[in-house]
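Engineer: 3D model of this:
(chains A and B)
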There are 2 protein chains.
Amino acid sequence: MKSESVSECLCLLGCAGEMEVSLLEEVENILRYRFRNKKLLEEALTHSSFLDGVSYERLEFVGDPVLSLAISNYLFLAYPDLDPGQLSALRAANVSTEKLARVAVRIGLHRFVRHSAPPLVDKVERFVDAVKLEINPVAHGGSVKAPKVLADVVESVAAAIYVDVNFDLQTLWVIMRGVLEPIVTPDALEKQPQPVTMLYEMCQKKGKQVDIKPSREGDLSVAKVFVDGEFVASASSSQKDHAKLEAAKIALGKLAHLVPSTDKKSATNMKLNFAADENGTWVVEAPKNKLRELCAVKKWPIPEYMYCSLT
Amino acid sequence: MKSESVSECLCLLGCAGEMEVSLLEEVENILRYRFRNKKLLEEALTHSSFLDGVSYERLEFVGDPVLSLAISNYLFLAYPDLDPGQLSALRAANVSTEKLARVAVRIGLHRFVRHSAPPLVDKVERFVDAVKLEINPVAHGGSVKAPKVLADVVESVAAAIYVDVNFDLQTLWVIMRGVLEPIVTPDALEKQPQPVTMLYEMCQKKGKQVDIKPSREGDLSVAKVFVDGEFVASASSSQKDHAKLEAAKIALGKLAHLVPSTDKKSATNMKLNFAADENGTWVVEAPKNKLRELCAVKKWPIPEYMYCSLT
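Structural biologist: Predicted structure coming up:
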């Protein structure tokens, strides 16, 4: 399975040495940009596990603020009427690990990452399969956690271009704008609100006090949601933000009774990971996503659902 | 006291309307830059409490990544041999709230912030007094927490220049480089290591497991330090990172017995907020700073200390 996936479509496991010119050209075609210094692109595609002395980490250090400023400039100019809070939410959605990892999968960049870390292959493969099944782009995390390596590579490739064009952000943006499509817009964000924000807003409307307490359990980050001091939900993950997000999603599902049915309908239309069943009880879509994902791995048909009354 | 400080040296409380041209020119002289669009500078100096419709928050949204990328470019080029972890630590030290708030005080920018929030005056005043007493620039927080408004204004002024020079980061850097002096260098950072990093490194060397658990108590962030599962220290603050920092400092003081005396000496030379007393016990310098600060407020002479043996 692993050797098959390596050669087929995922990451390149390999030994030290130069990357094949044809592979670099393939990436240049994807980016629609020819590097003056091909070594930069090679570095941007090299994971630290690869035994070649260099890795994308120095470029990623620059790529993070490069994308952040490029997107900030764009949002600042494109939306003169948005308040700073809305601008920050939009920026976060456009440069999040979830968003950038999906960019990597959409343009196929994940196929060119050089590494010597076999566990990465499986992680990336599971994510790629899950993303392929997403009907709408998921801004805040889908059924499978986005592997950080994929977002890192988008950042490091952006930095490689930025250095290659002599630190000219305008030129970088002309190239990266297309790569980052679809840019998350205020409309898209409104249709897919951030679960943590949504939880806070919902509780505020109902005069309830919500508190998300982070903690550590061994190597895992744990997030526990309390409403008016009472425990509602918890989730754990290796990523702190992911734990918080998942806990908020579960809490939203459990607190659905607080939301009037009209709100529920509009929320369901928002393509959130929640849906109301026949009895008006909300169910979390995560199990469905897990099943879809499993079916994809096993090459089974995508499952369909029917609602039926239990009475 | 308050009206005196307003006219004397701190923040400008005022009513809506245009800023006096002479004040704007004074800021331009400080920055050594003449704005083509003076409105940008006025906006950058206006706190959201000021009743004028605009505030610096939209500019601050851009200013944060502007400074982050400008510093990143500089570090990336200036230190080709530093690893990504060291680069990230340097960047964080150069754009932290503590660093930028000190920049505001050093160049006197705090005197030009327009606001209608009287509590700000006291906060800024206490910080300014404390900073004036610092012998060495403090990268990770001194005796008085840096008010966020001061760092925000440095970011918003940077963004105002950036927009005024038509989003040209190289030109922005030529102007801001001098403003941000002294840039924290690898040497400076090594002499003043981040207490949280230091705590982790010290415990790792001794084969001990350190865990800093964050939590909330009402409006306050609390950080508790556990070593090998045992509670060692805790601190609280309105800012989460500040709570963590303070808890780490206290823990370092309490765990000083883990450090061999030679290490202690070099650590003391590092101008950390800790010093070893005659008995080899480390004492946290915070109480000394508090006393110095109090003396400054009361216009008393700066206290001096002598070590004397208790035997």
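Engineer: Pull out the buried positions in whichever helix or strand A:Thr171 is part of.
Structural biologist: Using DSSP states H and E, A:Thr171 falls within helix A:169-179. Within helix A:169-179, the residues that count as buried by 16 or more other Cβ atoms under 10 Å in any protein chain shown are A:169, A:172-173, A:175-176, A:179. C-betas here are computed from N, CA, C, even on glycine.
Engineer: Would you tell me which one of those residues comes nearest to chain B?
Structural biologist: A:Leu169 (5.9 Å; Cβ to the nearest Cβ).
Engineer: pLDDT score assigned to that closest one?
Structural biologist: Listed pLDDT for A:Leu169 reads 98.
Engineer: For it, which residues are in contact?
Structural biologist: The neighbours of A:Leu169, taking Cβ atoms under 8 Å, 6 or more residues apart in numbering or on different chains as the test, are A:66, A:69-70, A:73, A:162, B:69, B:167, B:169.
Engineer: ok, so what distance separates it from B:Arg36?
Structural biologist: Look at A:Leu169 and B:Arg36: by Cβ to Cβ, to the nearest Å, they are 20 Å apart.
Engineer: which residues does the nearest residue to A:Gln86 once chain neighbours are set aside contact?
Structural biologist: In this structure, A:Gln86 finds its nearest non-sequential neighbour in A:Pro186, 6.6 Å apart by Cβ to Cβ, 6 or more residues apart in numbering or on different chains. With contact taken as Cβ under 8 Å, 6+ apart, A:Pro186 is in contact with A:79, A:82, A:86, A:90.
Engineer: Filter these down to the buried ones.
Structural biologist: The buried subset of these - by 16+ other Cβ under 10 Å - is A:82, A:86, A:90.
Engineer: In strands only, show me the residues you listed.
Structural biologist: Using DSSP state E, no member of those falls within strands.
Engineer: just these now: which is nearest chain B?
Structural biologist: Proximity of those to chain B (Cβ to the nearest Cβ) peaks at A:Leu82, which lies at 8.4 Å.
Engineer: Please verify my assumption that the closest one contacts A:Ser88.
Structural biologist: No. With contact defined as Cβ atoms under 8 Å, A:Leu82 does not reach A:Ser88; the gap is 9.6 Å.
Engineer: Mind giving me the packing neighbours of the helix or strand A:Ser236 falls within?
Structural biologist: Element membership for A:Ser236 (DSSP H and E) is strand A:230-237. Applying 3 or more Cβ pairs under 8 Å, 6 or more residues apart in numbering or on different chains; DSSP states H and E, one finds that strand A:230-237 contacts strand A:220-227, helix A:240-254.
Engineer: partners of it in the sheet?
Structural biologist: Next to strand A:230-237 in the sheet, as set by DSSP bridges, lie strand A:220-227 (antiparallel).
Engineer: ok, and what's touching the strand it pairs with?
Structural biologist: A:199, A:203, A:208-216, A:231-240, A:242-244, A:246-248, A:250-251, A:255.
Engineer: Of these, just the buried ones, ChimeraX syntax please.
Structural biologist: Selection of buried members from these for ChimeraX, criterion 16+ other Cβ under 10 Å:
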select /A:199,203,210,211,212,213,214,215,232,233,234,235,236,237,239,240,242,243,244,246,247,248,250,251,255
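Engineer: For A:Val184, see how far away the spatially most central residue of chain A is.
Structural biologist: For chain A, the residue nearest the mean C-alpha position is A:Glu98 (0.9 Å; Cα atoms, centre = their mean). Using Cβ to Cβ, we find A:Glu98 at a distance of 11 Å from A:Val184.
Engineer: Could you do A:Gly207 as well?
Structural biologist: Per Cβ to Cβ, A:Gly207 is found 31 Å from A:Val184.
Engineer: Compare the two and say which is more crowded by neighbours.
Structural biologist: A:Val184 (22 against 7; other Cβ atoms under 10 Å in any protein chain shown).
Engineer: right, and the secondary structure at the more buried one would be what?
Structural biologist: Local secondary structure at A:Val184 is given as coil here, using DSSP: H, G, I helix; E, B strand; the rest coil.
Engineer: Show the model's pLDDT score for it.
Structural biologist: A:Val184 is given a pLDDT of 93.
Engineer: Once you drop chain neighbours, what's closest to A:Ile71?
Structural biologist: That would be A:Asn94: by Cβ to Cβ, 6+ apart, it lies 4.9 Å from A:Ile71.
Engineer: State whether the one you found is indeed within a helix.
Structural biologist: Yes. Under three-state DSSP, A:Asn94 sits within a helix.
Engineer: burial of it, as a residue count?
Structural biologist: 24.
Engineer: quick one, what contacts it?
Structural biologist: Contacts of A:Asn94 (Cβ under 8 Å, 6+ apart): A:71, A:75, A:180, A:183-184.
Engineer: Mind picking the two most distant members of those?
Structural biologist: By the measure Cβ to Cβ, the contacts of A:Asn94 have their two most distant members at A:Leu75 and A:Leu180, which lie 12.2 Å apart.
Engineer: tell me which element A:Arg102 falls in.
Structural biologist: helix A:97-107.
Engineer: Mind giving me the packing neighbours of the longest helix along chain A?
Structural biologist: Counting residues, the longest helix found in chain A (DSSP state H) is helix A:57-78. Under the contact criterion of 3+ Cβ pairs under 8 Å, 6+ apart, helix A:57-78 touches helix A:38-44, helix A:84-95, helix A:148-164, helix A:169-179, helix B:57-78, helix B:84-95.
Engineer: Could you tell me which residues within the longest one count as buried?
Structural biologist: So the one you mean is helix B:57-78. B:57-76.
Engineer: Could you do the third one as well?
Structural biologist: The neighbour-count criterion (16+ other Cβ under 10 Å) identifies A:149-164 as the buried residues of helix A:148-164.
Engineer: domain parsing for chain A?
Structural biologist: Structurally, chain A divides into domains by automatic domain parsing as follows: A:2-185, A:195-297.
Engineer: follow-up on the earlier one: closest to A:Glu134 out of the helices and strands packed on strand A:230-237?
Structural biologist: helix A:240-254 (15.6 Å).
Engineer: what's the average pLDDT for the closest one?
Structural biologist: The model assigns helix A:240-254 a mean pLDDT of 85.
Engineer: try stretch A:134-153
Structural biologist: Per-residue scores along stretch A:134-153 average to 81.
Engineer: what bridges to A:Leu220?
Structural biologist: Beta-bridge pairing for A:Leu220 (DSSP bridges): A:Glu217.
Engineer: Burial check on it, number of neighbours?
Structural biologist: Other residues close to A:Leu220 by other Cβ under 10 Å number 14.
Engineer: The one 3 residues further on too?
Structural biologist: For A:Ala223, the neighbour count with other Cβ under 10 Å is 25.
Engineer: that older thread, what's the closest of the helices and strands packed on strand A:230-237 to A:Leu41?
Structural biologist: Nearest to A:Leu41, of the helices and strands packed on strand A:230-237 and by Cβ to Cβ, is helix A:240-254 at 29.6 Å.
Engineer: right, quick check: that closest one against chain B, any contact?
Structural biologist: No. Looking at helix A:240-254 against chain B by Cβ under 8 Å from any Cβ of the partner chain, there are no contacts, and the closest approach is 9.6 Å.
Engineer: tell me how far that helix is from the chain's mean position?
Structural biologist: Mean-position distance between helix A:240-254 and its chain equals 15 Å (Cα atoms, centre = their mean, to the nearest Å).
Engineer: what angle sits between it and strand A:220-227?
Structural biologist: With axes from the mean of the first three to the mean of the last three Cα atoms, to 10 degrees applied, the angle from helix A:240-254 to strand A:220-227 works out at 30 degrees.
Engineer: now helix A:240-254 and helix A:97-107, what's the angle there?
Structural biologist: Going by the same axes, to 10 degrees, helix A:240-254 makes 100 degrees with helix A:97-107.
Engineer: Check which helices and strands helix A:240-254 is in contact with.
Structural biologist: Counting by 3+ Cβ pairs under 8 Å, 6+ apart, helix A:240-254 packs on helix A:195-205, strand A:210-217, strand A:220-227, strand A:230-237, strand A:274-276, strand A:282-284.
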